[in-house]
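> just need the structure, nothing else, for what follows:
(3 chains)
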Amino acid sequence: MTRLVRRQGWVAGLLVLFVVLFVITKLIQPGYGSGDFGSLVRAVLPYAFAVAAQTIVVIAGGIDLSVGAMMALTSVTAASMMDGASEEYAVFVVPFVLAMGLVLGAVNGMLIVVTRVPDIVVTLATLFVLQGAALLVLGAPGGAVAEWLRATIVGTVAIPGLPEISAWIPKALVLLVVFLCIIWIPLKRSKLGLSIYAIGSSELAAFRSGVPVARTRIIAYALSGLFAAMGGLALTMSTGIGAPIPGPYLLASVAAVVLGGVALGGGKGGLLGPIVAVFVLRLVRTDLTLLAIDPNVTAIIEGAIMVAVVMFGAFITMRSRQS
Amino acid sequence: MSTTAIQPVPFGRRLKRFMADRPLIPLIILLVILVLVLQILRPGIVNERWLANTVKFAIPLAILAGCQTMTMLTGGIDLSVGTVATMSAFIMATQVVHHDPAVAILIALVPAVLIGLVNGIGVGVFRVHPLIMTLGTSLIGTGCLQVYQRTVIASGAKIPPFLAWLGTGLTYGVPNALLLFIPVAVLIVFTLRRTGFGRLIYAVGDNEGAARLSGVRYWQVITALYVISSVLAGITGLLYIGLIKAPSLSLAEPLVLPSVAAAVIGGTSIFGGRGGYTGTIVGALILTVLTTLLTILQMPEGARRMLFGLIVLFVTAAYLRIIEDR
Amino acid sequence: MTTNPLLDATGVVKTYGAVVALRNASLSVLPGEVHALMGANGAGKSTLVKILTGAIRADAGHILIRGEAREVRSPADARRAGLLPVYQEPSLIPDLDVASNLRLTGTPVEPFRAWVRELGIPDLDIRDIARDIPLAVLRVLDLARALAVEPDVLLLDEMTAALPANLAEKVLEVVRRQGDSGRSVIFISHRFVEISALCDRATVLRDGETVGVVDIEPGVEERIVEMMLGARIEKTQVAARQASQAASPRDSRARLGVANLRVGTKLNDVSFDLANGEVAGVVALEGQGQDELFAALAGSIRPSGGTIEVDGKPVKFAHPADAIRAGIAYVPGDRTEALTMQRSVRENIALPFSAALRNWGPINMAQERSRVVSAIERLQIDTRAQREVQRLSGGNQQKVTIARWIAAEAQTILCFDPTRGIDVRTKQEIYKLLRELADQGKSVLFYTSELEEVQRVCDRVIVIFGGRVVDVFPVELADEPALMRAAYGLPRGAKEDVGILADIHSSPVAKP
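Residues are numbered from 1 along each chain as shown, chains lettered A, B, ... in the order given. Next up is the predicted model:
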């Protein structure tokens, strides 16, 4: 029991924080209802996938600066492919874009393994390359998205006989949970998942335990690319277009990873913490907006929170390394 | 353990060592080749005016690349230079409406110092990775600038004639901007080579632990460094607005990536401890000529970014090979 | 029992750039034998181990396992071939629990549990995170994990180091039984007692070459030592006498006073004085708290208790800069910790000059040059490759680390194993230099892992065991057997046995 508390205490604390923030939101705006919650989840969706993408490489002991650029590229690819195409065509676009993310992520990993240049430099370079590629695909925000795709994240799941509860379960949330779980749960239980934690925790010990370090690292980056592609799709689905200049997903993903209890050194944490953290961060933004604070000021506060969180995380890492 | 030490050093290793010791020579050769290619593609383009123009556009890039060089020498990077340059340019252009230009310039440099201080404390005291830290402060800075823009939206903006003269003017065909650049460049080179602070920058980047054992306080060096880097970026912003003459919220942003690339091409190791500013200046010139070349070839912005990214990756990997196995 | 070797490696070569780590190593292990692999530091033991276990690839050589040539490209390959190592550092993943670690390596749980109990740890919870388990237990778990898959060849690298006596005894017992049951063990150890009690044969490496394979029988130790050291033994003994005669009279005022110093759990209650003009030796086995003692005196870590006095005044060091200001300089054992490898000899030596905030301005190049040059001359540093310190030889690098503090005119120098892994001539020069410094009235605290150095250099010896000062010898009494006994925590004069470490006097290490 104490072991459970120790391991999950951080996530539990975050959940409590989320509930507290939710209550505050209700106090500020008594009319805050299920519809607003639905739009919160839709806004969270691309962030959540970006965070998932970052989490997996951070657990593997790396960092991926190209998350935002990868999302931009997959988003514009999807939007420009679906532009003017038939509804059915999108059935082909979605797996194509996901495969693209997987492959590009794997390329990231391979570059790190083959060139032996540190991950932070390689992904900085691929950030520029992917950004350039996104600009080549679509010079300015545009494109379109199939209607049925948009519909998958709008509205709520109908559970017969329980209208009150089902009103609080937006389709976007179901989509998020399903897609994260499809990948994460089997991964976490597999030997591959253990290997990812192992290389993040101690590369030498992992190597000596017979873990194929290079291959595991490439797979971690490939999965990160896959999550980023999901994020890119989610972005296109919620905005209806593709934008070649990525939003602040990189910093947000790092901040949520740190806030979610995943050590930046690697080997620790899970996916639930960062996902809850991203909800917390977006809810803070909602509250600031509800308090009628200038959106630009909101951006500053948000940025300051993220920087403070990252600083705090670095401080904790430093302290734990000293002891 | 040393029987093979007498063997002659193979050519490949000699070449590597030569490249590591004198990176400037291959760089200048590369620059000349690029200019020649340009001349072949567009005969007659390389003339006095083109030269002055190239230098004019290379200078802001070279100063920002100086920020990257110095921070990279400590194993860091400063991605907030674009935002800082934009901020100081924008604030100066709007403040000069109400104040004397000198006062406006001083006001404009305040946020630069502040951002540099926050960067320095974040990196030096809290040990946040410089990339993340400077990215974060640049995000906050952009937010602040947007708020600021709303408060001054009615007052308009103008560019003091002095800065326009400095940014675009020519005297006997020589860009006036050199009046600013030459002292700055000399100062950076002198600081890196002949001052205690410069020594510490290299030492901290090469081996932080060793520097510590020699009594160096990391946070002091890093904080001072990031403030200096930020102030340099602010000054660049003032020069750049004199050149571009149109204040906007993304004025210097396009210079960030090339500034990193220029330092990397110039032979400064992104891992710290190796490199210098002279190489960076040549790197900035190479990139400016390359940009002209790409424009002539009608390569779109996206392709240009991809190319720069690939250059950073390739050059870093190549330097890694040079540093290794000796 | 067949006589075909289970593992047969011949002609193994490995070079790193210009450095030859292995020039012609061979190792042949018969079924059912416990085979010792021996050699002085740097002889190539660890390189050979890494090659056998797939951690690195050999440049040349043949490795036959059960008579078949096999490519062992990774630890996983080695594992499949039935070759399992237990390294000095635990290789359990620190952030995973024991159960996950077992799954990761495909180790069956029940045999593992059985072995853990066998090895003397009755109450292990396999859901514990590896990071929370004490080091000694981790090593035993590593061994149990290897035993659980019933390897044909078990490779143990300094297995009993860092183990308390009761666990060590269990481990040795299990190793012996492993041999009796027809499996083989390659046993790497510096402890002759263990080797003579356990092993059937020994392969001896020197300078990357296998110089002999001997059967372990009474009295073989002398031969092994001769093989390990080659012709060096006699030379060093002559030099030792001369050096110890040179011990000089000294100033008796305390330069550095340490009282009841404690650091965490590693260093408990250490007190001693260091006088001006004195070289005080520190002798301790690995990990007895000497690292923490030096780090605390250098200002690298903060002590958790006790006082440090410099020239009679109490001081508190929060940063190495504070210690340097008090005239205390630290030369770490690992040169890579002290040098900026890509910078020049000059910059490395001059580094402390620039450290203080007030010295950040322009450098007086002429003055710096003269100070650096005189330090270089004094230490006779070979400056042909002075552009980058990493191009110097190890001995010259070590000299640079010391030259820095000579140039900075530090009054007290803390030298932590300064002669580790450098050539004999440079070693002699360093001994001479330390003596000279003392003669000039400076004080030196000198930790060494090579006991024979003590009598050449030191005036007095402080022996630390288990984080405490267990004895302080005048140098006349500090012969190697006496130091060895003291280093194992035995009181002077006593001769009782302590578990596996019994009978130290009969071991050749103690009487060269």
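> where does the stretch 201-350 of chain C have low pLDDT?
Applying pLDDT under 70 to the stretch 201-350 of chain C flags residues C:229-253, C:286.
> do the stretch 51-200 of chain A as well
Within the stretch 51-200 of chain A, no range satisfies pLDDT under 70.
> using CSV, write out every CA atom in stretch C:424-436.
Presented in CSV, the C-alpha positions along stretch C:424-436 are these (Å, rounded to 0.1, in the frame of the first residue of the first chain):
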residue,chain,number,x,y,z
VAL,C,424,57.2,4.6,-13.9
ARG,C,425,59.4,7.5,-14.7
THR,C,426,56.7,10.1,-14.2
LYS,C,427,55.8,8.4,-11.0
GLN,C,428,59.4,8.9,-9.8
GLU,C,429,59.2,12.5,-10.8
ILE,C,430,56.0,13.0,-8.9
TYR,C,431,57.5,11.4,-5.7
LYS,C,432,60.4,13.7,-6.0
LEU,C,433,58.2,16.8,-6.5
LEU,C,434,56.1,16.0,-3.5
ARG,C,435,59.2,15.7,-1.4
GLU,C,436,60.5,19.0,-2.7
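> state which one residue of the stretch 301-450 of chain C is found closest to chain A.
Closest to chain A within the stretch 301-450 of chain C is C:Ile301: 8.7 Å, counting by Cβ to the nearest Cβ. No exception for glycine: its C-beta is placed from N, CA and C like everyone else's.
> isn't that residue right up against C:Phe294?
No: the pair C:Ile301 / C:Phe294 is not scored as a contact, 9.7 Å apart, by Cβ atoms under 8 Å.
> more neighbours: these two, which one.
Using other Cβ atoms under 10 Å in any protein chain shown, the more surrounded residue of C:Ile301 and C:Phe294 is C:Phe294, with 22 against 18.
> wait, does whichever strand or helix holds the more buried one contact chain A?
For C:Phe294, the host element (DSSP states H and E) is helix C:290-297. No: using Cβ under 8 Å from any Cβ of the partner chain, no contact is recorded between helix C:290-297 and chain A, whose separation bottoms out at 12.1 Å.
> tilt between whatever helix or strand comes next after that helix and helix C:290-297?
Moving toward the C-terminus from helix C:290-297, the next helix or strand (DSSP H and E) is strand C:305-310. Calculated by axes from the mean of the first three to the mean of the last three Cα atoms, to 10 degrees, strand C:305-310 forms an angle of 60 degrees with helix C:290-297.
> mind giving me the packing neighbours of strand C:305-310?
Here strand C:305-310 touches strand C:254-263, strand C:267-275, strand C:313-315, going by 3 or more Cβ pairs under 8 Å, 6 or more residues apart in numbering or on different chains; DSSP states H and E.
> can you tell me how far the residue of the stretch 301-450 of chain C closest to chain A sits from C:Ala356?
Computed with Cβ to Cβ, to the nearest Å, the distance linking C:Ile301 and C:Ala356 is 22 Å.
> got a list of what the residue of chain B found nearest chain C touches?
Of all residues in chain B, B:Gly196 sits closest to chain C, with a separation of 3.3 Å (Cβ to the nearest Cβ). Going by Cβ atoms under 8 Å, 6 or more residues apart in numbering or on different chains, B:Gly196 touches C:Phe353, C:Ser354, C:Ala355, C:Asn359, C:Trp360, C:Gly361, C:Pro362, C:Ile363.
> which members of those define the maximum pairwise distance?
Looking at those by Cβ to Cβ, the two members farthest from one another are C:Ala355 and C:Pro362, with 15.7 Å of separation.
> who has more neighbours out of those two?
With other Cβ under 10 Å as the criterion, C:Ala355 and C:Pro362 differ in neighbour count, and C:Ala355 comes out ahead with 26 against 13.
> now do the contacts for that one.
Residues in contact with C:Ala355, defined by Cβ under 8 Å, 6+ apart, are B:Gly196, B:Leu200, B:Ala211, B:Ser214, B:Gly215, B:Val216, B:Arg217, C:Ala321, C:Ile324.
> excluding chain neighbours, give the residue nearest to C:Pro314 in space.
When the adjacent residues along the chain are set aside, C:Pro314 lies closest to C:Thr307, with 5.5 Å between them (Cβ to Cβ, 6 or more residues apart in numbering or on different chains).
> quickly list what the one you found is bridged to.
According to DSSP bridges, the residues that bridge with C:Thr307 are C:Ala259.
> now C:Leu7
Going by DSSP bridges, C:Leu7 is paired in beta bridges with C:Val29, C:Ile65.
> neighbours of it, just the number please.
The local packing count at C:Leu7 equals 24, with neighbours defined by other Cβ under 10 Å.
> repeat for B:Val260
With other Cβ under 10 Å as criterion, B:Val260 counts 31.
> give me the pLDDT for it.
pLDDT recorded at B:Val260 is 89.
> residues of chain A that sit close to chain C?
Neighbours of chain C within chain A, by Cβ under 8 Å from any Cβ: A:3, A:191, A:194-195, A:197-198, A:200-202, A:204-212, A:267-268.
> buried ones in the strand or helix carrying C:Arg485?
When elements are defined using DSSP H and E, C:Arg485 is found to belong to helix C:480-487. Taking 16 or more other Cβ atoms under 10 Å in any protein chain shown as the basis for neighbour counts, the residues of helix C:480-487 that come out buried are C:Glu480, C:Ala482, C:Leu483, C:Met484, C:Arg485, C:Ala486, C:Ala487.
> same question, stretch C:182-196
Of the residues in stretch C:182-196, those with enough neighbours to count as buried (16+ other Cβ under 10 Å) are C:183-189, C:191-196.
> now it: mean pLDDT?
This predicted structure assigns stretch C:182-196 an average pLDDT of 82.
> is chain A within reach of it?
No: judged by Cβ under 8 Å from any Cβ, stretch C:182-196 makes no contact with chain A; its nearest approach is 15.7 Å.
> and the residue nearest to C:Pro314, how many residues sit next to it?
Under the criterion other Cβ under 10 Å, the count of neighbours that C:Thr307 has is 14.
> who's in contact with it?
Applying Cβ under 8 Å, 6+ apart, the residues contacting C:Thr307 are C:Gly257, C:Val258, C:Ala259, C:Asn260, C:Leu261, C:Pro314.
> by neighbours, which of those wins?
Neighbour counts for the contacts of C:Thr307 peak at C:Leu261, which has 24 neighbours (criterion: other Cβ under 10 Å).
> where do the helices sit along chain A?
For chain A, applying DSSP state H gives helices covering A:2-28, A:34-59, A:67-82, A:89-115, A:119-137, A:147-151, A:163-167, A:171-189, A:191-201, A:203-208, A:213-239, A:249-259, A:272-290, A:295-322.
> can you redo the ones you listed as TSV with mean neighbour count and distance to chain B?
Written out in TSV, the entries for those read as follows (neighbours: other Cβ atoms under 10 Å in any protein chain shown; distance: least, Cβ to the nearest Cβ, whole Å):
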stretch	mean neighbour count	distance to chain B
helix A:2-28	14	20
helix A:34-59	25	11
helix A:67-82	29	9
helix A:89-115	19	4
helix A:119-137	25	3
helix A:147-151	13	25
helix A:163-167	12	35
helix A:171-189	16	24
helix A:191-201	24	16
helix A:203-208	22	18
helix A:213-239	26	15
helix A:249-259	28	6
helix A:272-290	21	12
helix A:295-322	17	4
